[in-house]
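# return a 3D structure for these sequence lines:
(one chain, ligands or ions: 1)
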Amino acid sequence: MYQILHKEKLGPDIYMYRFRAPDVARNRKPGQFVIVRIAENGERIPITITDVDTDEGSITLIVQAVGKTTLQMAQMKEGDFIPTITGPLGEPTRIEKVGRVLCVGGGIGIAPLFPVAEGMKDIGNHVTSILGARSSNLLILIERMREVSHELIVTTDDGTEGEKGLVTDVIRELVGKGKVYDLCIAMGPPIMMKFVCVLTKELNIPTIVSLNPIMVDGTGMCGCCRVTVGDEIKFACVDGPEFDGHKVDFDELMARLAIYKAEEKEALEYYYSKAGCRLDSTLEGGSR
Ligand code: FES
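Numbers count the residues shown, from 1 in each chain. Prediction:
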């Protein structure tokens, strides 16, 4: 059993959990994920590990409640236990000295980006981070990202924090000013990663993306995370979660993500009726 040592709300429907999981903490490398189950026979949720504390034997996970299980998880309290944390899983990020690295994070994607930016800076790369969200209340880990970046730029769609606009506007602006980047790492909603990749391909910046949002069992057996990368079929959980963004078929990926929308909505509505709680985003004044 794995205990919640600390829980904190970072924004509407966004929660940070610190779990006691010493073996995972000891073995995790940046970019790796765990599979969490909050109940026996419950749904499996793949979550990239944001941070670890090997002295405490803990791992930090940031989860956005978007469906039944993640909302159920949001109702848990410090001191509660969950039955399953499996990992670390997935190929670690290749942390190499490449020169100037652009780290682009969108919304909840800033959580998996943090350990990668940290690793890239620690090894001697120059790290520029661009963090974006629809609105200021959906931005997370800004100060932690500032610590692991030489330069940090924040954007929001509605202009409530940082520059008004999209992360792609900032990339274009920086390159327009003559900045040169050797690698871009983009993590966030698939639509954001798609348009970052379209732009970085045009600008000739090699780009890595993280595809863990499409996983289910996380062990290579269910086939749900199948993705086309160039001419090859890959499984995000065992071959990734990181891939060459210029080769990923994002349109296929986004279509797959939408397949179970109706069932997910039905499960959530059922949970609403049973538990008497709702996602913040569905309440009056919700942000999404
Ligand atoms: S998540 Fe099931 S095969 Fe990858």
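# mind naming the longest helix for the chain?
helix 261-275 (DSSP state H).
# which of the three states applies to the residue positioned nearest the centre of the chain?
By C-alpha atoms, centre = their mean, the chain has its centre lying nearest to Gly109, at 3.3 Å. Assigned by DSSP: H, G, I helix; E, B strand; the rest coil, the conformation of Gly109 is helix.
# look up how far the ligand lies from it.
According to C-beta to the nearest ligand atom, to the nearest Å, Gly109 and the ligand sit 18 Å apart. Every C-beta, even on glycine, is put in place using the N, C-alpha and C of the backbone.
# which non-adjacent residue is nearest that residue?
Gly188 (3.1 Å; C-beta to C-beta, 6 or more residues apart in numbering).
# who's in contact with the one you found?
104-110, 132, 167 (C-beta atoms under 8 Å, 6 or more residues apart in numbering).
# kindly recompute the last result at 7 Å.
Taking C-beta atoms under 7 Å, 6 or more residues apart in numbering as the criterion, Gly188 is in contact with 105-107, 109.
# so how do I select the buried members of those in ChimeraX?
Only the buried entries of the contacts of Gly188 go into this ChimeraX selection, using 16 or more other C-beta atoms under 10 Å:
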select :105,106,107,109
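# flag every residue of the stretch 101-250 of the chain that's near the ligand.
Within the stretch 101-250 of the chain, the residues that sit near the ligand (C-beta under 6 Å from any ligand atom) are 215-218, 220-225, 235-237.
# pLDDT weak spots in the stretch 1-150 of the chain?
The stretch 1-150 of the chain contains no residues with pLDDT under 70.
# residue of it with the smallest distance to the ligand?
Pro46 (6.9 Å; C-beta to the nearest ligand atom).
# where's that residue, which helix or strand?
strand 45-48 (DSSP states H and E).
# can you pull out the helices in this protein?
Using DSSP H, the helices found in the chain span residues 22-27, 68-74, 110-122, 142-147, 167-176, 190-202, 236-239, 250-257, 261-275.
# deepest of those helices, which one?
Per-stretch averages of neighbours, counted by mean count of other C-beta atoms under 10 Å, single out helix 110-122 among these, with a mean of 24.
# related to what we said a few turns ago, please tell me how far the residue of the stretch 1-150 of the chain closest to the ligand sits from Ala25.
18 Å (C-beta to C-beta, to the nearest Å).
# again, but for Thr69
From Thr69 over to Ala25 (counting by C-beta to C-beta), the distance is 23 Å.
# how about Phe243?
From Phe243 to Ala25 the distance is 26 Å (C-beta to C-beta).
# residues in contact with stretch 5-13: which ones?
Applying C-beta under 7 Å, 6+ apart, the contact partners of stretch 5-13 are 15-20, 58, 62, 64-65, 77-78, 137-138, 140, 279-281, 286-287.
# repeat that for stretch 55-63.
5, 10, 14-22, 24-25, 28, 47, 49-52, 70, 73, 108, 111, 140.
# buried set for it?
57-63.
# do me a favour and get the end-to-end distance for stretch 201-209?
End-to-end distance for stretch 201-209, by C-alpha to C-alpha, to the nearest Å: 13 Å.
# mind listing what's buried in that stretch?
Within stretch 201-209, the residues that count as buried by 16+ other C-beta under 10 Å are 203, 205, 207-209.
# now, which of those sits nearest the ligand?
Checking the buried residues of stretch 201-209 against the ligand with C-beta to the nearest ligand atom, the nearest one is Val209 at 16.0 Å.
# now do the contacts for Ala21.
Here Ala21 is in contact with 2, 58-59, 85 (C-beta under 7 Å, 6+ apart).
# and Leu113, by the same measure?
103, 105, 185, 187.
# show me what the residue nearest to it when sequence neighbours are not counted is bridged to.
Setting aside the residues directly before and after it, Leu113 is nearest to Gly105 in space (C-beta to C-beta, 6+ apart), at 4.0 Å. Gly105 has these beta-bridge partners by DSSP bridges: Leu131, Met187.
# ok, Gly105 touching Thr128?
No - using C-beta atoms under 7 Å, Gly105 makes no contact with Thr128, being 11.8 Å away.
# verify the contact between Cys237 and Gly90 for me.
Yes - the pair Cys237 / Gly90 is scored as a contact, 6.4 Å apart, by C-beta under 7 Å.
# Val238 touches Gly220, doesn't it?
Yes - between Val238 and Gly220 there is a contact under C-beta under 7 Å: 4.0 Å.
# and the closest residue in space to the residue of the stretch 1-150 of the chain closest to the ligand that isn't next to it in sequence, what does it touch?
Spatial nearest neighbour of Pro46, chain neighbours left out: Met215 (4.0 Å); criterion: C-beta to C-beta, 6+ apart. Applying C-beta under 7 Å, 6+ apart to Met215 gives the contacts 46, 224-225, 236-237.
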